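> Here's my sequence, what's the structure:
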Amino acid sequence: MGDHEGSEAPLGSCTGLEGGDALAGLSAAVAAIGATDRTGWSCAARSTELEELLAARERLDATVLVLTGEWEAQQGWALDGARSPVAWLAHHAPLTRQEASTLVRSARLLHGHPDTAAALMEGEITTSHVDLAGRAARHREPHYTEHEVTLLQVARDLPPAAFRIAVQHWAHCVDAVTDPGPSGSAGADGLGNHLDAHATFGGVGHLEGRLDPVAFTTLVRRLDALEPPDPTGGPVPPRSLARRRADALMRLVHGDVGPARAAVDVIVDVDTLAGRPSPDPTGVCCELGGFGPVSPDLVRTLACDGAIGRILMRGKSEVLDLGRRTRLVSTAQRRMLVIRDRTCTEPGCDVPGAWCDAHHVVPWWSHGPSDATNLRLRCRHHHLLDHLRTARARGDPARYPLAS
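Here you go, the predicted structure:
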């Protein structure tokens with residue numbers, strides 16, 4: 001590269017190869033460049049190689065974005081049971097969740113807007129332009145489609161730093177037009193409501209979002225009622241309004257520990273519970289009281305960690321067992337599980353423990369104990385998947401497509 005000596009084949013040396021051969025050539029080129037001895041190089045030579053490497057990385061990043069958009073649209077991330085493309089990327093690639101989220105957001109923008117993707121692949125705009133456009137287009141997707149031609153022309157004419165200002169101005173203009181207030185449809189129907197939560201330096205959280213007037217008024221009144229103004233004139237200065245509302249929000253959050261638990265009666269046919277077809281298809285196979293028929297595997301999932309009333313039936317009228325409603329996993333046990341497991345125990349899943357269910361490794365209906373050795377934290381997605389896999393092993397695989 002550049003005017004220096006001893007450099008190996010550049011990244012572009014694999015041009016013309018296809019598929020795995022191209023990736024193998026790319027990996028070899030990167031390894032060769034990394035192993036280059038740059039002792040004695042001039043600053044100019046280093047600058048030249050740095051510029052060429054950054055240009056090559058830009059083209060590679062553009063290709064990664066396009067490929068990610070295609071992969072995400074085909075739900076390739078779901079093949080091994082991942083909860084989301086972000087979770088899959090954070091587990092399989094050297095990316096943080098925030099980096100994976102940014103990658104997916106930009107990839108979705110490209111996949112949904114071929115003109116933007118073409119401008120990127122032709123080098124008319126950069127991946128930085130796409131990232132900025134993706135951030136601004138979030139929750140404004142229809143308006144980006146409407147203004148795509150204009151925004152692309154602005155991106156072609158401006159470097160990323162200037163485009164940031166331009167696209168932020170565009171986002172404010174869109175919000176001003178589409179959010180007219182209580183009398184406008186966008187301001188009243190709640191369809192545009194959203195709440196973004198981002199972790200910044202040191203794990204400090206930053207919240208940003210939008211609420212329709214009714215939701216906003218309800219929230220603010222509730223927060224202000226929970227934390228009224230502090231008395232003045234005391235030894236401690238009164239808290240600001242923003243601080244009181246933050247404290248009130250945390251009071252709401254800590255009001256209930258962990259996810260909501262089921263408190264229902266479950267009516268299960270004895271044959272269904274054993275994994276056999278019920279001899280009476282017109283009878284109750286599996287129902288939640290007050291709701292109606294549900295999957296037996298969903299009931300098993302809820303019953304792992306909830307307050308349930310067990311009503312075991314044979315046919316329509318014979319009650320075999322009327323169990324008392326009981327919490328299978330105690331509050332102390334849940335605290336222990338959160339401290340021990342920290343997150344969902346599915347490899348690659350980092351759903352916080354407070355949001356997870358307590359899963360019985362040996363099922364409770366098979367007399368599995370509710371003790372530490374038999375309990376694992378599982379997020380609701382992977383918890384249900386566990387029970388579906390058990391059902392698949394027990395019966396017809398065609399009945400349980402999610403377990404594959």
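
> Report the helix or strand with the lowest average pLDDT across the protein.
helix 185-188 (a mean of 42; mean pLDDT, DSSP states H and E).

> Could you list the paired strands of the helix or strand that that one is followed by along with their orientation?
Downstream of helix 185-188, the next assigned helix or strand under DSSP states H and E is strand 194-199. Note on strand 194-199: by DSSP bridges, its sheet partners are strand 205-210 (antiparallel).

> For residue 386, see how far away residue 222 is.
37 Å (C-beta to C-beta, to the nearest Å). In this view, the C-beta of every residue, glycine as well, is placed from N, C-alpha and C.

> More neighbours: which of the two?
residue 386 (23 against 13; other C-beta atoms under 10 Å).

> avg pLDDT for the helix or strand hosting that one?
Following DSSP H and E, one finds residue 386 within helix 380-394. In this model, helix 380-394 carries a mean pLDDT of 77.

> can you pull the buried residues of it?
Neighbour-count burial for helix 380-394, counted by 16 or more other C-beta atoms under 10 Å, picks out 380-392.

> just those now: which is nearest residue 102?
residue 381 (22.6 Å; C-beta to C-beta).

> For the closest one, give me its contacts.
By C-beta atoms under 8 Å, 6 or more residues apart in numbering, the contact set of residue 381 is 83, 349, 351.

> before we move on, which element is residue 237 in?
Using DSSP H and E, residue 237 maps to neither a helix nor a strand.

> quick one: residue 313 and residue 364, what's the gap?
18 Å.

> Compare the two (neighbour count), which wins?
More neighbours surround residue 313 than the other of residue 313 and residue 364, with 24 against 18 (other C-beta under 10 Å).

> Next, the nearest residue to that one once chain neighbours are set aside: phi, psi?
Distance criterion C-beta to C-beta, 6 or more residues apart in numbering; nearest residue to residue 313, sequence neighbours excluded, is residue 269 at 5.3 Å. When read as degrees, to the nearest 10, the backbone of residue 269 gives phi -70, psi 140.

> before we move on, what about residue 159?
phi -70, psi 160.

> Near it, how many other residues are there?
Counted with other C-beta under 10 Å, residue 159 comes out at 11.

> and what of residue 62?
20.

> where's the closest residue to it other than its chain neighbours relative to residue 155, distance?
Excluding its sequence neighbours, the residue lying closest to residue 62 (C-beta to C-beta, 6+ apart) is residue 120, at 5.0 Å. For residue 120, the distance to residue 155 (C-beta to C-beta) stands at 10 Å.

> for residue 238, same thing?
For residue 238, the distance to residue 155 equals 48 Å [C-beta to C-beta].

> So between those two, which is more surrounded?
Higher neighbour count among residue 238 and residue 155: residue 155, with 25 against 13, using other C-beta under 10 Å.

> Secondary structure element holding that one?
With DSSP H and E as the criterion, residue 155 is inside helix 141-157.

> hang on, isn't residue 101 packed against residue 87?
No: taking contacts as C-beta atoms under 8 Å, residue 101 lies outside contact range of residue 87: 10.1 Å.

> So between these two, which is more surrounded?
Taking neighbours as other C-beta under 10 Å, residue 101 and residue 87 compare with residue 87 leading, 22 against 17.

> List the contacts of the more buried one.
77, 97, 100, 348-350.

> Residue 149 too?
Contacts of residue 149 (C-beta under 8 Å, 6+ apart): residue 115.

> Pull the number of nearby residues for residue 269.
Under the criterion other C-beta under 10 Å, the count of neighbours that residue 269 has is 24.

> Same check on residue 335?
By other C-beta under 10 Å, 14 other residues sit near residue 335.

> that's a helix at it, yeah?
Yes: the assignment for residue 335 is a helix, going by DSSP: H, G, I helix; E, B strand; the rest coil.

> and it, how far is that from residue 353?
Distance check for residue 335 against residue 353: by C-beta to C-beta, it reads 10 Å.

> mind listing what's buried in the helix holding residue 155?
Buried, per 16+ other C-beta under 10 Å, within helix 141-157: 143-144, 147-148, 151-152, 154-155.

> Can you name the next helix or strand after that helix?
Next helix or strand after helix 141-157 toward the C-terminus (DSSP H and E): helix 160-178.

> neighbouring contacts of that next one?
Helix 160-178 has contacts (C-beta under 8 Å, 6+ apart) with 126, 128-129, 132-133, 135-136, 140, 143, 147, 151, 154-155, 158, 186, 192.

> Pop the domain breakdown of this protein in here.
43-178, 214-227+242-257, 263-403 (automatic domain parsing).

> What's the local residue count around the closest residue in space to residue 139 that isn't next to it in sequence?
Leaving aside its sequence neighbours, residue 139 sits nearest to residue 194 (C-beta to C-beta, 6+ apart; 5.4 Å). For residue 194, the neighbour count with other C-beta under 10 Å is 11.

> Identify the residues contacting the residue nearest to residue 92 when sequence neighbours are not counted.
Once flanking residues are discounted, residue 92 sits nearest to residue 348: 7.3 Å by C-beta to C-beta, 6+ apart. Counting by C-beta under 8 Å, 6+ apart, residue 348 makes contact with 82, 87-88, 90-92.

> Can you name the next helix or strand after the longest helix anywhere in the chain?
As assigned by DSSP state H, the longest helix anywhere in the chain is helix 43-73. Downstream of helix 43-73, the first helix or strand assigned by DSSP H and E is helix 85-92.

> May I have the next helix or strand after that following helix as PDB, with CA atoms only?
Going down the chain from helix 85-92, the next helix or strand is helix 97-112, by DSSP H and E. Taking Å, rounded to 0.1, in the frame of the first residue of the first chain, the C-alpha atoms of helix 97-112 are listed here in PDB:
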ATOM      1  CA  ARG A  97     -25.400  -5.200  22.700                       C
ATOM      2  CA  GLN A  98     -25.300  -1.500  21.900                       C
ATOM      3  CA  GLU A  99     -23.000  -2.100  18.900                       C
ATOM      4  CA  ALA A 100     -25.200  -5.000  17.800                       C
ATOM      5  CA  SER A 101     -28.300  -2.800  18.100                       C
ATOM      6  CA  THR A 102     -26.700  -0.100  16.000                       C
ATOM      7  CA  LEU A 103     -25.700  -2.600  13.300                       C
ATOM      8  CA  VAL A 104     -29.300  -4.000  13.100                       C
ATOM      9  CA  ARG A 105     -30.900  -0.600  13.000                       C
ATOM     10  CA  SER A 106     -28.700   0.500  10.100                       C
ATOM     11  CA  ALA A 107     -29.100  -2.800   8.300                       C
ATOM     12  CA  ARG A 108     -32.900  -2.600   8.600                       C
ATOM     13  CA  LEU A 109     -32.800   0.900   7.100                       C
ATOM     14  CA  LEU A 110     -30.800  -0.400   4.100                       C
ATOM     15  CA  HIS A 111     -32.900  -3.500   3.600                       C
ATOM     16  CA  GLY A 112     -36.100  -1.400   3.600                       C
END
